[in-house]
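K.L.:
sequence and computational prediction follow.
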Amino acid sequence: MSASVLVLEFLSAGGLQGDPAEAELMPLGVAMRDAMMHDLLALPPTVVRSVGVAVCAAAPLPAVPVVASQDPRVRALQAAPGEDLLAFLAAQARGFDAAWVVAPESGGLLAACEAAVRQAAGPRAWLGSSALALATSSLKSRTLEALAGQGVATPFDAMWAAQARRWVVKPDDGAGAVATQVLADHAAAEALAQRRRAAGEAVTLQPWVEGEALSLSLLCRERGAELLSLNRQHIGVDAAGRVAFEGVERLCTDGSDPRWPRLQSLADATWRALPGLRGFVGIDLVWHPQAGPVAIEVNARVSCAYVGLSQALGRHVAGEILALRSTDPVAVAVAAEAADAIA
């Protein structure tokens, strides 16, 4: 009944060494990795018997809190110098019952991680969304097309192009706000997009929807999506139009925000639009004063909003995610009981 779990967050495992985005994204990666690890270790040994955590020299396991340094169930795992991290993931996954992985969508990386785990350890080892869902969510343009098919408002709706005061050029498969730029002139934005495409980048050009930058945290199961929290995203745009992600703030976990019913409807539509969403899923959106929610992208993986979520909810999200890998009602009940006991 008890499971061994591999936790691998791609950046903190050394997956982007030398990449220009590494320094910007590493603190976010470490925060997600540590939150996942501590949530798993908060489950009793009858549910989680061991946790292997992928690390690198730039992101070792923290000495504190005590749970990480003294719990005999946790051990650090590190790829050998020059070892391909996907090969490392596949090799490690064979020794665990489940693998909980976070990786950027860039270049199909998250989808490649899913394939590596599935081929090495079987489909039940992957704690997350299916290959089909990742194939859609890994591209912003494809995601928005699928959402529009469910009646969800997106930046590609004609009304936004007609009233846009600014335009955004960003990677179609990017993570965070890396390589994202806002311009006031559509012709200049189009020229920038064309230059980047000519250089081999997959970019998307969209109207910049004015409003409040928000995100949703979901728990997706076989039968639907549960809205767990509403979050505010802090997004900065400098004088040159460069966009930066500056953190996330939890606004509501109890449905008290009057926008909650419409946001749950967005969660439901997203679940229908992307078959195979499982576990923790994030939706980035803009709340427009008149139009309401406008979807920007879907992250079919743990995001920064996961950090502290179990504590905020008073329940154990990691235990619920772990239970999703099994259709055995006893296994599900054990994980749920452990989650309730800790909450």
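P.N.:
Noted; the coordinates are in hand.
K.L.:
quick one: which helix or strand includes L218?
P.N.:
Assessed by DSSP states H and E, L218 sits inside strand 212-221.
K.L.:
mean confidence for that strand?
P.N.:
On average, the pLDDT along strand 212-221 is 98.
K.L.:
which other helices and strands does that strand contact?
P.N.:
Here strand 212-221 touches strand 224-237, helix 260-273, strand 279-288, helix 317-323, going by 3 or more C-beta pairs under 8 Å, 6 or more residues apart in numbering; DSSP states H and E. In short, each C-beta sits where N, CA and C put it, glycine included.
K.L.:
closest one to M37 among the ones you listed?
P.N.:
M37 lies closest to helix 317-323 among the helices and strands packed on strand 212-221, at 9.3 Å (C-beta to C-beta).
K.L.:
how distant is that closest one from the center of its chain?
P.N.:
On the basis of C-alpha atoms, centre = their mean, to the nearest Å, helix 317-323 is displaced by 16 Å from the centre of the chain it belongs to.
K.L.:
got the CA positions of it in CSV?
P.N.:
Extracted C-alpha coordinates of helix 317-323, given in CSV (Å, rounded to 0.1, in the frame of the first residue of the first chain):
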residue,chain,number,x,y,z
VAL,A,317,-3.2,18.0,-1.6
ALA,A,318,-0.2,15.7,-2.2
GLY,A,319,-2.0,12.8,-0.6
GLU,A,320,-5.0,13.4,-2.9
ILE,A,321,-2.8,13.6,-5.9
LEU,A,322,-1.0,10.4,-4.9
ALA,A,323,-4.3,8.6,-4.5
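K.L.:
going forward, begin numbering at 11 instead of 1
P.N.:
Yep, numbering from 11; the last one is helix 327-333 now.
K.L.:
just checking, what packs against that helix?
P.N.:
helix 32-51, strand 222-231, strand 289-298, helix 319-323, helix 339-352.
K.L.:
in a markdown table: these, plus mean neighbour count and distance to I331.
P.N.:
Formatted as a markdown table, the helices and strands packed on helix 327-333 follow (neighbours: other C-beta atoms under 10 Å; distance: least, C-beta to C-beta, whole Å):
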| stretch | mean neighbour count | distance to I331 |
| --- | --- | --- |
| helix 32-51 | 20 | 9 |
| strand 222-231 | 22 | 7 |
| strand 289-298 | 23 | 5 |
| helix 319-323 | 19 | 10 |
| helix 339-352 | 16 | 9 |
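K.L.:
make TSV out of those and add distance to G25.
P.N.:
What follows is the helices and strands packed on helix 327-333, written out as TSV (distance: least, C-beta to C-beta, whole Å):
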stretch	distance to G25
helix 32-51	9
strand 222-231	23
strand 289-298	20
helix 319-323	24
helix 339-352	29
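K.L.:
out of these, flag the one nearest G257.
P.N.:
Nearest of these to G257, taken as C-beta to C-beta: helix 32-51 at 9.0 Å.
K.L.:
between the closest one and strand 289-298, how many degrees?
P.N.:
130 degrees (axes from the mean of the first three to the mean of the last three C-alpha atoms, to 10 degrees).
K.L.:
on that earlier part again, a markdown table for the helices and strands packed on strand 222-231, including mean pLDDT?
P.N.:
Output for the helices and strands packed on strand 222-231, formatted as a markdown table (pLDDT from 0 to 100):
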| stretch | mean pLDDT |
| --- | --- |
| strand 234-247 | 97 |
| helix 270-283 | 98 |
| strand 289-298 | 98 |
| helix 327-333 | 96 |
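K.L.:
deepest of these, which one?
P.N.:
Stretch with highest mean neighbour count among those: helix 327-333 (a mean of 26; mean count of other C-beta atoms under 10 Å).
K.L.:
quick one on the thing from earlier: neighbouring contacts of the strand holding L228?
P.N.:
For strand 222-231, the surrounding residues in contact (C-beta atoms under 8 Å, 6 or more residues apart in numbering) are 139, 235-245, 258, 261, 273, 276-277, 280-281, 287-297, 303, 313, 315-316, 319, 327, 330-331, 334.
K.L.:
how far is it from where the chain is centred?
P.N.:
Distance of strand 222-231 from its chain centroid, counting by C-alpha atoms, centre = their mean, is 10 Å.
K.L.:
what are the pairing partners of that strand, and which direction each?
P.N.:
Strand 222-231 pairs in its sheet with strand 234-247 (antiparallel), strand 289-298 (antiparallel), by DSSP bridges.
K.L.:
low-confidence ranges in the stretch 111-260 of the chain?
P.N.:
Within the stretch 111-260 of the chain, the stretches with pLDDT under 70 are 185-186.
K.L.:
which residues in it form helices?
P.N.:
Assigned by DSSP state H, counting those that start in this stretch, the stretch 111-260 of the chain shows helices spanning 119-131, 141-147, 150-158, 168-173, 196-208.
K.L.:
so which of the strands paired with strand 222-231 is nearest S151?
P.N.:
With C-beta to C-beta as the yardstick, what comes closest out of these is strand 289-298 (14.4 Å).
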